[in-house]
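[1] Everything below, folded, please.
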Amino acid sequence: MLPFEAATIERRAGPGGVDDRDRPDDQAAPLAGLRVLIVDDDMDSREVLAAFLALRGAEVRSAGSVIEALETMSDWRPDILVSDIGMPGQDGYDLIRQVRLKRAEDGGQIPAIALTGYATAQDCERALSAGYHLHMTKPVEPRSLIKLIASFCDKSELP
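    Numbering: from 1, shown residues only. Just a heads-up that it's a prediction; the model follows:
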């Protein structure tokens, strides 16, 4: 099961599976200039989310594990991190703890959203305590996530 509402991606065109008809006219590129790192062990989930975010103007990179995410961050500085919590081996909690150990100039203070199927109040508190700024329960409607990312990131500070 994907972490998104399937109804929002029914029309498919091109390699990303999303076409311009899915783009709201009034918000053609609300994420223009933002760099987003997506971390999820489920390849389909990563690809769908990456397609939606890229369609809205974001520069997106994705990783399937904590190790891949940290390697990506070593040579590319995202503006926001969107990570699944439940991954085999090292999980999203391990990832955010390792990110928060970094210096600020190396991404240690990056805004981070936990995107997870773990939905209890304790799960939310655990994600926030680990270092995430927000906890979102799957399934997530992609347009809601896009609006959240756009409002969460202050684009005035981007180069």
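[2] Flag every buried residue along the lowest-mean-pLDDT helix or strand in the chain.
    One helix or strand of the chain scores below all others by mean pLDDT, DSSP states H and E: helix 142-152, with a mean of 85. If you call a residue buried by 16 or more other C-beta atoms under 10 Å, then helix 142-152 has these buried ones: P142, R143, L145, I146, L148, I149, A150. Backbone N, C-alpha and C define where each C-beta goes, glycine included.
[3] Go through these and say which is closest to S74.
    When those are compared for distance to S74 (C-beta to C-beta), I149 wins out at 22.6 Å.
[4] Walking through the protein, point out its helices one by one.
    43-55, 66-75, 92-100, 121-130, 142-152 (DSSP state H).
[5] Buried residues of the first one, list them for me.
    Across helix 43-55, burial judged by 16+ other C-beta under 10 Å covers S45, R46, E47, V48, L49, A50, A51, F52, L53, L55.
[6] circling back: let me have the helices of the chain in JSON lines, adding distance to G86 as columns.
    Shown next, in JSON lines, are these (distance: least, C-beta to C-beta, whole Å):
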{"stretch": "helix 43-55", "distance to G86": "11"}
{"stretch": "helix 66-75", "distance to G86": "12"}
{"stretch": "helix 92-100", "distance to G86": "7"}
{"stretch": "helix 121-130", "distance to G86": "10"}
{"stretch": "helix 142-152", "distance to G86": "18"}
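[7] what about the ones you listed, which gets the closest to L34?
    With C-beta to C-beta as the criterion, L34 lies closest to helix 142-152 of the helices of the chain, at 6.9 Å.
[8] Pull out the C-alpha coordinates of that closest one and format them as CSV.
    Extracted as CSV, the C-alpha positions of helix 142-152 are listed here (Å, rounded to 0.1, in the frame of the first residue of the first chain):
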residue,chain,number,x,y,z
PRO,A,142,0.0,14.4,-1.7
ARG,A,143,-1.4,17.9,-2.1
SER,A,144,-1.6,18.3,1.7
LEU,A,145,2.0,17.3,2.0
ILE,A,146,3.0,19.7,-0.8
LYS,A,147,1.2,22.5,1.0
LEU,A,148,2.8,21.6,4.3
ILE,A,149,6.3,21.5,2.8
ALA,A,150,5.8,24.8,1.0
SER,A,151,4.6,26.5,4.2
PHE,A,152,7.3,24.8,6.4
